[in-house]
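Novice: attaching a predicted model along with its sequence, questions to come.
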Amino acid sequence: ISSVPAHSNLITQIKFGSSSNGLGSDYLISSSFDGTCKVWSTRNWHSLTTLRGHEGKVMGIAEMTKHREPLGENVMTDVEKEGLNFSLVSCGHDKTLKLWQ
């Protein structure tokens, strides 16, 4: 059994995905009561980016198909360096949805 130090509080959700760009880049997204969402490389389990914006606990996260113009000001450039191209939506205890490009 391996362990990855992921968040500083309870992890509320994880989802695996694979990039549709043909590069075979696999990733994991996670949300947590620590107020963050993270994107992880499944090749080496390093965090690619940490998404901060909720005021309190993040209850869940989902991937959206990328077919619109950017929805917010947050750009995941570290994720794009890995060849991944997607958008995320997260829901928080602060009663908001955050849209991440």
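Specialist: Alright, I've got the coordinates. Nothing here was measured: the structure is a model prediction, and the numbers come from that model.
Novice: burial check on Leu97, number of neighbours?
Specialist: 10 (other CB atoms under 10 Å). Quick note: C-beta positions are derived from backbone N, CA and C, even for glycine.
Novice: go on, Gly56?
Specialist: The number of residues packed near Gly56 is 13, by other CB under 10 Å.
Novice: which SS class is it?
Specialist: For Gly56, the secondary structure call by DSSP: H, G, I helix; E, B strand; the rest coil comes out as coil.
Novice: show me where the protein has strands.
Specialist: 11-18, 26-32, 36-41, 47-52, 58-64, 87-92, 97-100 (DSSP state E).
Novice: among these, which is nearest Pro5?
Specialist: strand 47-52 (9.6 Å; CB to CB).
Novice: which neighbouring elements make contact with the closest one?
Specialist: Using 3 or more CB pairs under 8 Å, 6 or more residues apart in numbering; DSSP states H and E, the elements in contact with strand 47-52 are strand 36-41, helix 77-81.
Novice: gap between the closest residue to Thr42 other than its chain neighbours and Ile11?
Specialist: Take Thr42 and drop its neighbours on the chain: the residue closest to it by CB to CB, 6 or more residues apart in numbering is Asp26, 4.1 Å away. Using CB to CB, to the nearest Å, one gets 19 Å for the distance from Asp26 to Ile11.
Novice: okay, and the beta partners of Leu88?
Specialist: Judged by DSSP bridges, the bridge partners of Leu88 are Glu63, Trp100.
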